[in-house]
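**Q** Here is my input; please provide its structure:
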Amino acid sequence: MSVPMRTTAKVQSLRTFDLDAVEKTSVASDFLALAVSSHLAGKREDALKQLQRAIAANQATAEVYRAMGHIQFELGQFEQAERSYRMLVHMKPQYALGWFNLGVCLDRLGTWQQAAEAFQKACTLDATQLDAFLALGICQLHLNEPRAALSAFDKCLEMAPDNEDARFGKAAALQVDGQVDSASALYEQILVRNADSEESLSNLILIGMAKSDFDMVREYSERLLELRPESTVALEGLAAWASAAGEHALTAKFCTLLVSAVPGHFEGWFNLGLAYQKSQRWDQAAEAYGEALALRPQSSETSTNLGIVREQLGDSAGARASYEQAIKADPGALAPLWNLGLLLEQTGQLEEAERLYRTLLEKAPKEEEARFRLAYVRLERDDHAGAAEALEQCLRQRQQWPEAQANLALAYSRLGDRERAQRIYEKILDTDPKSLEALRGLAALALQSSDFETALEYHVRLIDLGERSPEILYNAGLMYQKAGQPDNAVRFYREALAEQPNMPEALLNLGRMLDSLGQSQEARTCWAKALELEPDLAQGYFGPAIA
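**A** Predicted coordinates:
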């Protein structure tokens, strides 16, 4: 949640005129008198016309420009007022009040650097102008010059130690400068004198969030909410506190209040979606993220989160659209590329997934996890050489990566390079003697080489480590059968069938072993069930297949 820091509670206004400060001519005075009469009657536009007549008559004095600037400022014509005051200080460059009022106009126009220069000039000409130093400090805060602002506010406090605006300005400057403890102390002093200082409470909330001091955030948010129940800063603070506490329901409550008070509050909708997402309320999360995107369609993070939520809702097409929108909004973002790649991989769109992983690696060459996924997809697509190449790169960056090593061994095995595959599996076992992937790989290589004794050894080790998949148990039975150990073969075929009862190969071989042990009736029962599951097993029962 981001909230702009409140730098001051006051807005500068023009200083009043000193009617004896600037010389007049008799003709100009006539126009000026008419202008004052119109102004007193509330006819500002007519007053301006009298002053413009003075200018047209070449009777424009500094007093005329000062009056014009004043009236134009009252009418909200800040650009015109700024031009009038520039004419004034051009004619009377030592007139401090003219520089101050010029600065006020520039402040209203948001031209902070020029405003600061005007206020600095006013301070130089009259070092007793507290308002000028105060305004200068505010401009310097807008220019992100907190040290300079501190100097200006300190000057104010020398002249008026109890001036709340100067004290607040100094606290804000300390806050911007990173001196948050000193800033907090000053805000606290302000609250002692003025417990209803909403700006001080707001900035204390921001300091608490910056420090991740959520007890502080909660305290000042609750105080501010008592003063102003619709305060967005307070609601954001309480939502941040609840989120940090893992209270997703409370976070959603405060965010709901926030967006109810300010329907156009993007962060409120986003954080509401996040709270619902964390509490697995997927439909509500999707709705909140949708509202956030309506306010800020180019938010890549929001589209990414909506994609995650849509995946949870089983909407793969919608999730893909969200991830693609996130990538379009921020082509440099990695998260949506990752998520879209994984989604395509899970939905079997392997060629597109590979393209996404390649794109991700072009943007972030050190993302080795993406290279690993690229290799995995290539394995799935039977591009064993491409998989091996990617996995070799992975292992150059991270030598001890068992999953990458195991997949590299598998790639070499499928390429027919069994010797290299075996070396890699053995290297894994040297590091982790209990690696199931390495033992499975070595067992498979031994079977391919018809080295049944070695294959059996690896299968037994797998089973001892708790690997009880039907395939492992069946293979153990098969190898005990080949080794002439029918009792062990029967035991492991039975265990395979306990894990997967409808396994025709195990039923067929169990029947053979039982028949060899004289248990013909149970053997026939096994064979009958095997044939029921896979009728093709009947081929060759009465003899060799007929050509």
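
**Q** How about the contacts made by Glu354?
**A** Taking C-beta atoms under 8 Å, 6 or more residues apart in numbering as the criterion, Glu354 is in contact with 374, 377-378, 381. For the C-beta atoms, the positions are set from N, CA and C on the backbone; glycine is no exception.

**Q** Return the subset of those lying in helices.
**A** Counting by DSSP state H, the contacts of Glu354 place 374, 377-378 in helices.

**Q** Where does pLDDT dip in the protein?
**A** Within the chain, the ranges that satisfy pLDDT under 70 run 1-28, 540-547.

**Q** if we go to 80?
**A** 1-28, 537-547 (pLDDT under 80).

**Q** so which strand or helix has the residue positioned nearest the centre of it?
**A** Most central in the chain under C-alpha atoms, centre = their mean is Glu301, positioned 5.9 Å from the mean C-alpha point. For Glu301, the host element (DSSP states H and E) is helix 300-312.

**Q** next SSE after that helix?
**A** Once helix 300-312 ends, the next helix or strand along the chain (criterion: DSSP H and E) is helix 316-329.

**Q** between the ones in helices among the contacts of Glu354, which is nearest Lys43?
**A** Leu374 (77.3 Å; C-beta to C-beta).

**Q** From Ala185, how far out is that closest one?
**A** Leu374 sits at a distance of 55 Å from Ala185 (criterion: C-beta to C-beta, to the nearest Å).

**Q** and what of Ala35?
**A** Taken as C-beta to C-beta, the span from Ala35 to Ala185 is 50 Å.

**Q** Those two: who's more crowded?
**A** Taking neighbours as other C-beta atoms under 10 Å, Ala35 and Ala185 compare with Ala35 leading, 25 against 12.

**Q** surely that one meets Ala47?
**A** Yes: in this structure, Ala35 is within contact of Ala47 by C-beta atoms under 8 Å, at 4.3 Å.

**Q** what residues are shared contacts of these two?
**A** Counting by C-beta under 8 Å, 6+ apart, the contacts common to Ala35 and Ala47 are 67, 71.

**Q** Helix, strand, or coil at Pro263?
**A** coil (DSSP: H, G, I helix; E, B strand; the rest coil).

**Q** Need the phi and psi values for it.
**A** Main-chain dihedrals, Pro263, degrees, to the nearest 10: phi -60, psi -20.

**Q** same deal with the one 4 residues further on?
**A** Here the main-chain torsion angles of Glu267 (degrees, to the nearest 10) amount to phi -60, psi -40.

**Q** how far away is it from Leu306?
**A** Computed as C-beta to C-beta, the Glu267 to Leu306 distance reads 16 Å.

**Q** Equivalent analysis for Arg281, please.
**A** Distance of Arg281 to Leu306, computed by C-beta to C-beta: 14 Å.

**Q** Give me the more crowded residue out of these two.
**A** Counted by other C-beta under 10 Å, Arg281 and Leu306 do not tie: Leu306 has more neighbours, with 27 against 18.

**Q** what's near enough to touch the more buried one?
**A** If you count contacts by C-beta under 8 Å, 6+ apart, Leu306 has them with 273, 286, 289-290, 293, 322.

**Q** Also Tyr480?
**A** Residues counted as contacts of Tyr480 (C-beta under 8 Å, 6+ apart) are 456, 486, 488-489, 492.

**Q** Work out for me the element Gly137 sits within.
**A** With DSSP H and E as the test, Gly137 turns up in helix 130-142.

**Q** re the thing from before, out of the contacts of Leu306, which is most surrounded?
**A** Tyr289 (29 neighbours).

**Q** between the helix or strand where that residue lies and helix 316-329, what angle do the directions make?
**A** Using DSSP H and E, Tyr289 sits in helix 282-295. Relative orientation of helix 282-295 versus helix 316-329 (axes from the mean of the first three to the mean of the last three C-alpha atoms, to 10 degrees): 30 degrees.

**Q** buried stuff in helix 282-295?
**A** Under the neighbour-count criterion of 16 or more other C-beta atoms under 10 Å, helix 282-295 has 282, 284-289, 291-293, 295 buried.

**Q** Let's have the residues you listed in TSV, adding distance to Arg223.
**A** Listed next are these as TSV, based on distance: C-beta to C-beta, whole Å:
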residue	distance to Arg223
Trp282	36
Gln284	30
Ala285	31
Ala286	35
Glu287	32
Ala288	28
Tyr289	32
Glu291	29
Ala292	29
Leu293	34
Leu295	29
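
**Q** Can you tell me which of those comes closest to Leu88?
**A** Leu88 lies nearest to Leu295 out of these, by C-beta to C-beta, at 44.6 Å.

**Q** What about the nearest residue to that closest one once chain neighbours are set aside? Give its phi and psi, please.
**A** The spatial neighbour of Leu295 that comes closest, neighbours along the chain excluded (C-beta to C-beta, 6 or more residues apart in numbering), is Phe266 at 4.6 Å. Torsion angles at Phe266 (phi, psi; degrees, to the nearest 10) stand at phi -60, psi -50.

**Q** Just give the number of residues close to Leu274.
**A** Leu274: 23 surrounding residues under other C-beta under 10 Å.

**Q** ok, it to Asn339 distance?
**A** Taking C-beta to C-beta, one finds Leu274 at 16 Å from Asn339.

**Q** Hmm, Leu361 is touching Leu374, no?
**A** Yes: Leu361 lies in contact with Leu374 (C-beta under 8 Å); the separation is 6.9 Å.

**Q** out of those two, which sits in the more crowded spot?
**A** Between Leu361 and Leu374, counted using other C-beta under 10 Å, the more crowded position is Leu374 (27 against 19).

**Q** Distance from the chain centre to the host helix or strand of Glu222, please.
**A** Applying DSSP H and E as the criterion places Glu222 in helix 214-227. Relative to its chain's centre, helix 214-227 lies at 25 Å (C-alpha atoms, centre = their mean, to the nearest Å).

**Q** Tell me the first helix or strand C-terminal of it.
**A** Downstream of helix 214-227 (by DSSP H and E), the next one is helix 232-244.

**Q** now that following helix against helix 214-227, angle please.
**A** Going by the same axes, to 10 degrees, helix 232-244 makes 140 degrees with helix 214-227.

**Q** I am finished for the moment; much appreciated.
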